[in-house]
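Undergrad: after the sequence you'll find the predicted model.
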Amino acid sequence: MMSAALSPGMAAIVLFGGFFLFLLVRVPVAFALGLACLPLLVIEPRLSPMMLFNETFKAYNSFILLAVPFYLLTANLMNCGGVTDRLIRLSRAMVGNFPGALAQINVVLSVFFAGISGSSTADAASQSKVFIEAQVKEGYGLSFSIAITAVSAVLAVIIPPSILMIVWGGVISTSIGAMYLAGFLPGLLIAAAQMATVHVYAKIYNYPVYPRASLKEFFYAGWISLPALATAFIIVGGVLLGWFTPTESACIAVLYTILLSVFIYRELNLGNLYQAFVDTGRLSAIALFCVGTASAFGWLLAYYQIPRALLENVSTWGMGLTQAGFFIAFVFLVVGCFLDAIPAIIIFGTILQPLAHSVGMHPIHFAIIGIVSLAFGLVTPPYGLCLMIACSVAKVPVRFALKDTMIMLVPMLLMLAAIIVFPEIPLILPKLIAPELLK
Amino acid sequence: MKRFLDGYHRLLTWLMAASVAILIVPVTLQIVSRYTALIPSWIWTEELSRFLFIWMIMLGAMIAVREGTHFIVDFVPDLPPKPTAALQVVANLCILAFALVFVWWGIQFVRFGWSQTSELAELPMTFIFIAWPLAGATWALFLGESFLHNFRVLAGSDVR
């Protein structure tokens, strides 16, 4: 390969050192990533700051990422068009009588939401607005409320549809349909772990309970939510059957939600619609702008072969399937603290793939381990988008909710371990429904 | 000056919302043209949607600097107004440096764009690349406003 003026170690110090230094003086993450690239771009004779433009342009010029604003728009339209209200009602009829009712509803709604939207940031943004204030009003701790909203939002990228799976499929050529099917069971298991955590919290702190819903209410809530729940089948089914590309399916979800809100639930008006467009643009732009500078940052990491230098000796460790699985999860968990999931897939997914292949790990198993680990990265600081969003909605610094978030991560990590040890958890559904996708 | 910035801010927000709304059109056309014979399958729908998408991101990144909504990681605890303002000035100087990089090299990027046309619709890429220096200039403008505010806080005349 080309020889660089700086050794990988030096370059790593400049990149990560610069990044942390800028973060420390409260430079926004997106700018800190871009600024950390600059010294190397100036020092290295073969590079120039023009590369910053090329890389950000390449990152944004992607039909796949276009799914992000569509998923966000779907979520925003669901909120202002009355879809979310019906899903909350259904969730309440299902789990309202459990201890910590409102927090349980928060988790169950995230599962429904995850089935319609593929963006955790969208889930975090919309549910933070709905739940954090409501939970605090009912006597739940603020830090607990933020933490449960943030950690349940990560389900959105594990349960299909999922932006991360779309990106993974694009970068590591794995069947997106198979990943969609494989994500269901791990997502439900993690949701169950979260509900168990809420149960324990509710018992300790004596959180309130709602009366049990009657069977009639349950069926009524299910009936009025049916058109909303159908969205999940349109999106996931459309992709599985090969009708639409994932981005197109996200666009279909937008159109369907607009139709639903205007003609069936009749709660959408022009003012709401404009507000949904503005909110979508705002949030997807700041999240995606980060992806651009993170891609430039990641490109430089790859240029100096820093990931390879870090992983150089690993293939000689002689790991078995399970050990390799834990190692892959560990790498993605650590990386997820610092990088956005999308550049992390681009950089580390491709590097770890030969390792997964050499130990005979199924590509879908590898994908699910990677995506679940990176999804957890959405709530681990310093770069945990969902936690940042939830905290910014609640107007508290990220530190404030850190302890409860870490506590809630423990049972989720146990589920991740189960997914690693038992490859059948992700693989069983694709095996049963679409075995041809697994080849 | 404030009124000018407010108006500019509103204009950018409106353009961003419009780009989100318009994005739906080419992607829908793409699906419709594949399944029906109503309209020919225009190959530039995909390209047009990507370009709108780029503008949406850059416009959103511009207004987020004025709204202060770019994600920040808080390592330091909350400080009284004056140290906060001082820290803000330091952070803003860093962002300003980045903004100037976007303007300076962005202009080269735009010049480079004149020699390139897009693959499908054959638009000069300048129409896309110009978003970068424009973002840099807009950030500088919005940061100027923030500097003024912070200096007033530091001078102790205006604690809002």
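TA: Received the coordinates, thanks. Numbers count the residues shown, from 1 in each chain, chains lettered A, B, ... in the order given.

Undergrad: alpha carbons only for contacts and neighbour counts from here, please
TA: OK.

Undergrad: quick one: contacts for the closest residue to A:Leu301 other than its chain neighbours?
TA: Closest residue in space to A:Leu301, ignoring its immediate chain neighbours: A:Pro307 at 6.8 Å, by C-alpha to C-alpha, 6 or more residues apart in numbering or on different chains. Applying C-alpha atoms under 8 Å, 6 or more residues apart in numbering or on different chains to A:Pro307 gives the contacts A:301, A:347-348, A:351.

Undergrad: recalculate using a threshold of 10 Å.
TA: A:Pro307 sits next to A:8, A:12, A:298, A:301, A:347-348, A:351-352 when contact means C-alpha atoms under 10 Å, 6 or more residues apart in numbering or on different chains.

Undergrad: following the helix or strand hosting A:Glu55, which helix or strand shows up next?
TA: Using DSSP states H and E, A:Glu55 falls within helix A:50-60. Using DSSP H and E, the helix or strand that follows helix A:50-60 towards the C-terminus is helix A:67-80.

Undergrad: gap between A:Ala125 and chain B?
TA: Separation of A:Ala125 from chain B (C-alpha to the nearest C-alpha, to the nearest Å): 13 Å.

Undergrad: what is the burial count for that residue?
TA: A:Ala125 is flanked by 27 other residues according to other C-alpha atoms under 10 Å in any protein chain shown.

Undergrad: for it, what are its contacts?
TA: Residues near A:Ala125 by C-alpha under 10 Å, 6+ apart: A:72, A:75-76, A:149-150, A:153, A:279, A:283, A:385-393.

Undergrad: those residues: which ones sit near chain B?
TA: A:279, A:283, A:385, A:388-389, A:392 (C-alpha under 10 Å from any C-alpha of the partner chain).

Undergrad: is the helix or strand that contains A:Thr322 in proximity to chain B?
TA: Assigned by DSSP H and E, A:Thr322 belongs to helix A:321-338. No. On the criterion C-alpha under 10 Å from any C-alpha, helix A:321-338 is out of touch with chain B, staying 11.2 Å away.

Undergrad: what about the closest residue to B:Ile39 other than its chain neighbours, neighbour count?
TA: The shortest distance from B:Ile39 to any non-neighbouring residue, by C-alpha to C-alpha, 6+ apart, is to B:Ser33 (5.5 Å). Neighbours of B:Ser33 under the rule other C-alpha under 10 Å: 16.

Undergrad: ok, A:Lys137 to A:Ala103 distance?
TA: A:Lys137 sits 12 Å away from A:Ala103 when distances are taken as C-alpha to C-alpha, to the nearest Å.

Undergrad: shared neighbours of those two, anything?
TA: Counting by C-alpha under 10 Å, 6+ apart, the residues touching both A:Lys137 and A:Ala103 are A:Phe131.

Undergrad: looking at the two, which is more packed in?
TA: Each of A:Lys137 and A:Ala103 has its neighbours counted (other C-alpha under 10 Å); A:Ala103 has more, 31 against 11.

Undergrad: residues touching B:Phe98, list them.
TA: B:Phe98 touches A:31-32, A:34-35, A:38, B:92, B:104, B:136, B:139-140, counting by C-alpha under 10 Å, 6+ apart.

Undergrad: swap the cut-off to 8 Å and go again
TA: By C-alpha under 8 Å, 6+ apart, the residues touching B:Phe98 are A:31, A:34-35, B:136.
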